[in-house]
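Enquirer: turn this into a model:
(one chain, ligands or ions: 1)
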Amino acid sequence: MNTWWERRLDELEALEGYPVPEADELSEGKLDANENVLLARSLLTALAQRAVEALDPRFYAVEDARALVRDLGRHLGIDAAHIVLGSGGDQLIDLVARTFLEAGATAVTIAPTYSFYRIRCALVGARVIEVPLREDFSLDLEALRRMAHGARVLFLCSPNNPTGNQFPLAEVEQLAREFSGLLVVDEAYVEFAAETALPLLARSANVILLRTFSKAFGLAGMRLGYLLAPPRLSRIFAEKVQYPYPVNAFAVRLARLLLDAYDEVRASIEIVKREREWLRAELRALGVRAFPSQANFVLFEVGDQARAVWRHLAEHGLRVKYVGEVLGYGACLRATVGPRETNRALIARIREVLG
Ligand SMILES: Cc1ncc(COP(=O)(O)O)c(C=O)c1O
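Expert: Predicted structure coming up:
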């Protein structure tokens, strides 16, 4: 006879886990997790040294965390009352799932998209409906409207991982208006995109935005993200839902220094955007379908050759993400945009397989 906790362990064992990328040695050939390798490591090291010197790790970083929230408010041009810090976007996704969902409740998302929404909803026992994008990766608003009826939370990743496209603000706003639950817009990649859903904060009471320092800001290892929501929701999140000290003092201090050096971040974003277009053009020149991207990665279709290309790249120190079949397309790979030299190597190695 199994005990309750053994039965619970059986249930948990059956759940899908997040596929953490291979732990290769860190290098600029690591193109599988959309980190920003175009932000100079030397800048971050110099700022990290200043952060260490300024920091007294014996204390909780209460005042510094408040200052970071104020700095972020200024950076985004919004009232700091909208902002709640978290230990990466993932921790905030988890909090949203745990706060607003429960066993038997329904959440909706698109497909394909970032798998962590589905994984976290499953952990609390919620049902997740995945509404496929249309073949051009646009939103099927009609299907979303139908499937989201009665759901509590709708997770919308924009720009979307792994397709790379951003959904038009007017459509996101329409979704927010028509949906009776909470619309979570994950803007992990928004710094690389043309627009943002930020204006909806002032217009839609049911919109939560998620942001991260892991992508454009180059701080994936620091585990820092933030949520933007109407002030009542963000106040309740900060006071009742989020941990008392969710972000470590070092990450907070480093993020503040990096916001002061935002010109460097902006410059790296511009390089990413330029390199992204270069990469797409080169892939197309190889006869490979490379989808448009508003993020720091490119999704491309290699069909039957996908496994061989993936393996050949890995053997030469280039680690990309194997995505598999996407909607009506053949198997796809997703490559983070790297520096020109790495992108050039990527193209050369793909050419070696495709001939
Ligand atoms: C769409 C999306 N949201 C959130 C995250 C999580 O980022 P982090 O927890 O590092 O802030 C990622 C990371 O890959 C992502 O792709």
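Enquirer: which residues touch residue 109?
Expert: 117-118, 128-131, 154-157 (C-beta atoms under 8 Å, 6 or more residues apart in numbering). Bear in mind the C-beta positions are built from the backbone N, C-alpha and C, glycine included.
Enquirer: and it, helix, strand or coil?
Expert: strand (DSSP: H, G, I helix; E, B strand; the rest coil).
Enquirer: got it, and residue 183?
Expert: strand.
Enquirer: need the contact list for residue 155.
Expert: The contact partners of residue 155, taken as C-beta under 8 Å, 6+ apart, are 93, 107-109, 113, 117, 184, 186.
Enquirer: beta-bridge partners for it, please?
Expert: residue 109, residue 184 (DSSP bridges).
Enquirer: any idea of the pLDDT on it?
Expert: We have a pLDDT of 98 for residue 155.
Enquirer: so where's this protein uncertain?
Expert: 23-26 (pLDDT under 70).
Enquirer: which residues touch the residue nearest the centre of it?
Expert: Nearest to the mean C-alpha position of the chain, by C-alpha atoms, centre = their mean, lies residue 188 at 3.7 Å. The neighbourhood of residue 188, defined by C-beta under 8 Å, 6+ apart, consists of 89, 114, 157, 161, 210-212, 214-215.
Enquirer: now do the phi/psi pair for it.
Expert: Main-chain torsions, residue 188, degrees, to the nearest 10: phi -60, psi -30.
Enquirer: could you find the closest non-adjacent residue to it?
Expert: residue 212 (4.9 Å; C-beta to C-beta, 6 or more residues apart in numbering).
Enquirer: then residue 194?
Expert: For residue 194, the spatially nearest residue (C-beta to C-beta, 6+ apart) is residue 294, at 6.2 Å.
Enquirer: and that neighbour, helix, strand or coil?
Expert: Under three-state DSSP, residue 294 comes out as coil.
Enquirer: what residues does the stretch 201-350 of the chain have near the ligand?
Expert: 212, 214, 220, 225 (C-beta under 6 Å from any ligand atom).
Enquirer: what subset of those residues is buried?
Expert: Among these, those buried by neighbour count (16 or more other C-beta atoms under 10 Å) are 212, 214, 220, 225.
Enquirer: beta partners of the first one?
Expert: Judged by DSSP bridges, the bridge partners of residue 212 are residue 225.
Enquirer: closest one of the contacts of residue 188 to residue 39?
Expert: Residue 39 lies nearest to residue 215 out of the contacts of residue 188, by C-beta to C-beta, at 10.0 Å.
Enquirer: how about residues contacting the host helix or strand of residue 266?
Expert: Using DSSP states H and E, residue 266 falls within helix 262-285. The contact list for helix 262-285, computed with C-beta under 8 Å, 6+ apart, reads 36, 38-40, 43, 75, 191-192, 216-218, 258, 289-290, 292-293, 296-298, 300, 335, 337-340, 343, 346-347, 350.
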